[in-house]
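Participant: Model the following, please.
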Amino acid sequence: MADEEKLTYAGYLRLDKLLTAQEPRSAEHDEMLFIVIHQVYELWFKQLLHELARLQEHLESGDTTHSMRTLRRILAILKIVVAQLDVLETMTPRQFRTFRDRLGTSSGFESTQFRELEAILGRRDFPSWAPQPVAAKVPSVFDSFLRFLEAQGYEVPAKLRHRDVTLPVEASDAMQQTLKHVYDDDSGAAVVAELLVDLDEGMQEWRYRHVKMVERTIGGQRGTGGSTGAKYLTSTLGKPTFPDLWAIRTLA
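Facilitator: Down below sits the predicted model:
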């Protein structure tokens, strides 16, 4: 009890470590912004991974209410993640060039947490030079959604129930028919499905904004880690996370 009474705001948040974790490698003013923005991104990625793990638990237990609540929180965080790019874009190409060479070979492509985030959402086609995520070997959010639908009484094709989760989710005509029933019923399951579409759209928005930020900062230059920079990022655009949830829009 005595220790709890002595706990301070700074102590609880470990501000001694948090606020001393910014160590610019140059004297350039804008390097501090670059560091803080990316550290904040990593904190949000950590929270998104935390929330997505909880979402999968709720989906697999068939809990509609808490699945919706968790998805709405995830969507709110994604909006903040995208909005942070506005701050980073206040840095001009010249300002970035003043300290870019101090980054060495470090690159955002090395973000283990972002790769884990992509893998939990179903991505499996990671380039060989990127860190290979652990989450690529376990069920994705869509796999958990399939179990959720089964718990709600919907028929999930056996091929999908027993699929190899290390492979990407591919569009399925049979699954789309099931999803059409979900939407026709217009119940809680349909709300969860639409929130997943919102999540998919949010990730695509993040990718697009990220590409444009990189283009306006370094143009067509190679990334600091040796990647093709904006060219590689552009190749990731337009790829839906949940293909079946988009494909059913064209069903009669």
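
Participant: mind listing the helices in this protein by residue range?
Facilitator: Secondary structure of the chain (DSSP state H): helices at 2-6, 9-12, 15-18, 30-60, 64-88, 93-100, 112-120, 141-151, 158-161, 173-185, 188-218, 230-235, 243-247.

Participant: So for Pro131, which of the ones you listed sits nearest?
Facilitator: Pro131 lies closest to helix 112-120 among the helices of the chain, at 5.2 Å (C-beta to C-beta). All C-beta spots, glycine's among them, are computed from the backbone N, C-alpha and C.

Participant: by contact count, what packs against the closest one?
Facilitator: Counting contacts by 3 or more C-beta pairs under 8 Å, 6 or more residues apart in numbering; DSSP states H and E, helix 112-120 is packed against helix 30-60.

Participant: Can you give the distance of the helix it packs on from its chain's centre?
Facilitator: 8 Å (C-alpha atoms, centre = their mean, to the nearest Å).

Participant: Let me see the mean pLDDT of it.
Facilitator: Average pLDDT, helix 30-60: 97.

Participant: got the angle for that helix vs helix 141-151?
Facilitator: Relative orientation of helix 30-60 versus helix 141-151 (axes from the mean of the first three to the mean of the last three C-alpha atoms, to 10 degrees): 20 degrees.

Participant: Now do helix 30-60: which elements does it pack against?
Facilitator: Looks like helix 30-60 contacts helix 64-88, helix 93-100, helix 112-120, helix 141-151 (3+ C-beta pairs under 8 Å, 6+ apart).

Participant: got the buried residues for it?
Facilitator: 30-31, 33-35, 41, 44-45, 48-49, 51-52, 54-56, 58-60 (16 or more other C-beta atoms under 10 Å).
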